[in-house]
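Colleague: Structure for the following, please:
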Amino acid sequence: MKLARGARPWTIWAFAACAVLIALINLFGAITDLELTEDQLVHAIPWVDWNGESTIIAVFTEFTISLIPMVWIVGFASRIACWVLLFFGLLKIPGALFTLLTSVWFADGVFFHLMEPSLILAALVLVFSDSASRWLRQEEANPETFA
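Modeller: Prediction:
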């Protein structure tokens, strides 16, 4: 892959900001309650012997991996990464809405639970906006044309 050339539209930079915020929210949520995160990991991946260190490594690994599509889109103008992002973003929305509904039902920190799904939707809208789509579709000029 080649690095994308030219100025990125503001929607691409806003998408990048949303992607970083989503990753930071997940990182902050996991780090602030490592015991809960470790319990979740034990239930999700029981064959691993989870302890504090392995939990921290898993959390930071997830943080790093979640930023990869943002780098592909902002750095390499990858249209495939947009579709991968859409797929995983749409997979995450039902769980986020369920969490939101349960937090409303139990009157527990609605604002914090509303932030992540809102940022996911904003990131998806921004990356599929007209200016971002035009920038992602740009084709490099053939160098032989100008020879």
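Colleague: just checking, what packs against the helix or strand hosting residue 104?
Modeller: Using DSSP states H and E, the element containing residue 104 is helix 79-105. Judged by 3 or more C-beta pairs under 8 Å, 6 or more residues apart in numbering; DSSP states H and E, the packing partners of helix 79-105 are helix 68-76, helix 110-127, helix 130-137. Heads up, the C-betas are built off the backbone N, CA and C, glycines and all.
Colleague: what helix or strand does the most centrally placed residue in the chain sit in?
Modeller: What sits nearest the mean C-alpha location of the chain, by C-alpha atoms, centre = their mean, is residue 19, with 4.6 Å. Using DSSP H and E, residue 19 falls within helix 10-32.
Colleague: Would you pull up how far whatever helix or strand comes next after that helix lies from the middle of the chain?
Modeller: Downstream of helix 10-32, the next assigned helix or strand under DSSP H and E is helix 34-44. Relative to the chain's own centre, helix 34-44 is displaced by 21 Å; criterion: C-alpha atoms, centre = their mean, to the nearest Å.
Colleague: hang on, the earlier thing: of all the helices and strands packed on helix 79-105, which lies closest to residue 35?
Modeller: With C-beta to C-beta as the measure, helix 110-127 is the member of those nearest residue 35 (18.7 Å).
Colleague: For the closest one, which outside residues touch it?
Modeller: Identification of contacts with helix 110-127 by C-beta atoms under 8 Å, 6 or more residues apart in numbering yields 11-12, 14-15, 18-19, 21-22, 25-26, 73, 82, 85-86, 89-90, 92-93, 96-97, 99-100, 103-104, 132.
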